[in-house]
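Undergrad: Here's a sequence, model it:
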Amino acid sequence: MDAGKKVIATNKKAYHDFFILDTYECGIVLTGTEIKSVRQNKISINEAYCFIEEKELFVGGIHIAKYEKGNIFNHDEARNRKLLAHKREIIRLESKVKEKGLTLIPLSVYLIEGIAKVEIALVKGKKLYDKREDLKIKTAHRAIEKSLKNRY
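TA: All right, here's what the predicted structure looks like:
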């Protein structure tokens, strides 16, 4: 983990529900009260998704709680927020998303030297049997670690 990196929110369910094919780091456009709420860890990305509209990358479904000391200019909690990425990356992602079964989701939100970043991933959905197989492997690894720990 980087020295100046502070993870604010992660989407743990994404690793269970999807195959992660590729990850990208993007900046996120936030208003003043939004960044203050993010710094207080009042953000949820469990239901978040990314979409491309007119060659621009957006994220929807992120819930950032209202800043408690904000005034009438406080932000809307569930608005779509623009992500900052290079144009050729967005075009490449758009062509991949058009393939069957691929989508974009945010994996984590973190701060690097006070600047909010979002790690997004190009993913493919898992079937039920894939999830069961992952659970079997995870349980086997846990049992091996436990037996090795008890042995020494």
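Undergrad: Can you report phi and psi for the nearest residue to I90 once chain neighbours are set aside?
TA: Closest residue to I90 apart from its sequence neighbours, by CB to CB, 6 or more residues apart in numbering: L57 at 5.2 Å. C-betas here are computed from N, CA, C, even on glycine. Dihedral pair for L57: phi -100, psi 130, per degrees, to the nearest 10.
Undergrad: in the sheet, who's paired with L57?
TA: Beta-bridge partners of L57, counted by DSSP bridges, are I52, L83.
Undergrad: Please determine how far it is located from N150.
TA: 49 Å (CB to CB, to the nearest Å).
Undergrad: Mind naming the longest helix for this protein?
TA: helix 128-151 (DSSP state H).
Undergrad: For that helix, the averaged confidence score.
TA: Helix 128-151 shows a mean pLDDT of 85.
Undergrad: Give me the contacts around it.
TA: Helix 128-151 is contacted by residues 16-17, 19, 126 when judged by CB atoms under 8 Å, 6 or more residues apart in numbering.
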